[in-house]
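Colleague: only the shape, not the letters, is given here:
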């Protein structure tokens, strides 16, 4: 089995993710491209000791970037929005 730290790569902190966290108990994570909903659910439950009710997963395409004459792309990455059981919070991610 893959370690949970290899599945959950980081927490996304944006205005939208903060609003989701405050109002709807949804947390946004950057996850490994090979991760699926089941492994993301298991990793969040194991790392943060909460009950996950829903997982939404999406691929984010890399943006085009330039360095002088040369064009390139940032890499594609995967994002997951995880809903925890009502009344529960991930204390490590609260401010």
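Modeller: On my side now, so go ahead. Because the structure is a prediction, the values reported are computed rather than measured.

Colleague: from here on, contacts and neighbour counts on C-alpha atoms
Modeller: Noted.

Colleague: list the contacts for residue 58?
Modeller: Residue 58 makes contacts with 78-80, as judged by C-alpha atoms under 8 Å, 6 or more residues apart in numbering.

Colleague: need those in JSON lines with pLDDT, neighbour count and secondary structure, can you?
Modeller: Shown next, in JSON lines, are the contacts of residue 58 (pLDDT from 0 to 100; neighbours: other C-alpha atoms under 10 Å; DSSP: H, G, I helix; E, B strand; the rest coil):
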{"residue": "78", "pLDDT": "98", "neighbour count": "18", "secondary structure": "strand"}
{"residue": "79", "pLDDT": "98", "neighbour count": "22", "secondary structure": "strand"}
{"residue": "80", "pLDDT": "98", "neighbour count": "25", "secondary structure": "strand"}
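
Colleague: for the residue positioned nearest the centre of the chain, helix, strand, or coil?
Modeller: Nearest residue to the geometric centre of the chain (C-alpha atoms, centre = their mean): residue 29, 1.4 Å. Counting by DSSP: H, G, I helix; E, B strand; the rest coil, the backbone at residue 29 sits in strand.

Colleague: how near is it to residue 59?
Modeller: From residue 29 across to residue 59, the span is 12 Å (C-alpha to C-alpha, to the nearest Å).

Colleague: so what's in contact with these two at the same time?
Modeller: Contact criterion C-alpha under 8 Å, 6+ apart; residues shared by residue 29 and residue 59: residue 79.

Colleague: what number of residues lie near residue 41?
Modeller: Residues near residue 41, counting by other C-alpha atoms under 10 Å, number 22.

Colleague: alright, that wraps it up for me.
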